[in-house]
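> generate coordinates for the sequence data below:
(one chain, ligands or ions: 1)
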Amino acid sequence: MNEEQLSKRLEKVASYITNNERIADIGSDHAYLPCFAIKNKMASFAVAGEVVEGPFKSAQKQVASIGLTSQIDVRKGNGLEVITAADAIDTIVIAGMGGTLIRTILEEGVAKLTNVTKLILQPNIAAFQLREWSEKNNWTITSEAILREDNKIYEIIVLQPSKESVEWTAQEIFFGPCLLKEQSAIFKSKWRHEANTWQNIIQTISNNQPISDENQAKIHELKHKIALVEDVLK
Ligand code: SAM
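A predicted model of the protein is given here:
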């Protein structure tokens, strides 16, 4: 992967940056995404934010090596703290982290979202955390994607601020409103696989008698999730 040829996952993330936007890529270890977006005129300016020294240095090196330092500012810092009002950022990308961490970054940086018009989020796990956040903060889901790369399945969620209150059903939070409607083969394969894994966990726990209260609660939770999946895939 480099700034000309992104991974399939990052290329799909980048496809939602459309219109010469001013973007911030948070957790931008190698800055390939902002470099790609600037080179392809999807973005006119980018902040590449990174909290860890090593990845921060490699992002700086990458941007300098292709001569884009006037359009991409690589900044070291935690989450959205690297963005200032003067940057006039339209779109924030946060990709390749767990849903819980992405949610924390959004919660801690909520004051930086006032003028932002799009969030492109790619959680590696726990996407439901971001749908819950969207409901609480009135951001609507305008697009979702699910794709497979290197035998891993990734979800992408695109959010825009909503004037009306946003409400999702429990099913929509869990599966994603757009993904649920579409029900692609990858979606079905992901949830069949998850349900099988949960069934195996229940079996393993049940083999260890007597079952503790904690494990009973775990079995109850997993059975609930399996029922949700069965209801959707039936
Ligand atoms: N966004 C790239 C991608 O999708 O390929 C890189 C993903 S990499 C697995 C996650 C990066 O996020 C790491 O470089 C990590 O240091 C950075 N990171 C984690 N927490 C962060 C935070 N709170 N603020 C900024 N960067 C963070």
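
> helix or strand: which one has residue 16?
Assigned by DSSP states H and E, residue 16 falls within no helix or strand.

> actually residue 144, sorry about that
If you go by DSSP H and E, residue 144 is part of strand 139-149.

> only alpha carbons, please: show that strand as CSV.
Extracted C-alpha coordinates of strand 139-149, given in CSV (Å, rounded to 0.1, in the frame of the first residue of the first chain):
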residue,chain,number,x,y,z
TRP,A,139,-26.0,12.6,13.5
THR,A,140,-27.8,10.5,10.9
ILE,A,141,-26.3,7.6,9.0
THR,A,142,-26.2,8.5,5.3
SER,A,143,-24.2,5.5,4.0
GLU,A,144,-22.8,2.3,5.3
ALA,A,145,-20.5,-0.2,3.6
ILE,A,146,-19.3,-3.7,4.4
LEU,A,147,-16.4,-5.3,2.6
ARG,A,148,-14.0,-8.2,2.9
GLU,A,149,-10.2,-7.8,2.6
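
> following the chain past that strand, name the next helix or strand.
Following strand 139-149 toward the C-terminus (DSSP H and E): strand 152-161.

> contact partners for the most centrally placed residue in the chain?
The chain has residue 122 as the residue nearest its centroid, 2.2 Å off, counting by CA atoms, centre = their mean. Counting by CB atoms under 8 Å, 6 or more residues apart in numbering, residue 122 makes contact with 9, 13, 93, 94, 95, 96, 154, 155, 156, 157. Backbone N, C-alpha and C define where each C-beta goes, glycine included.

> with that, I have no additional questions.
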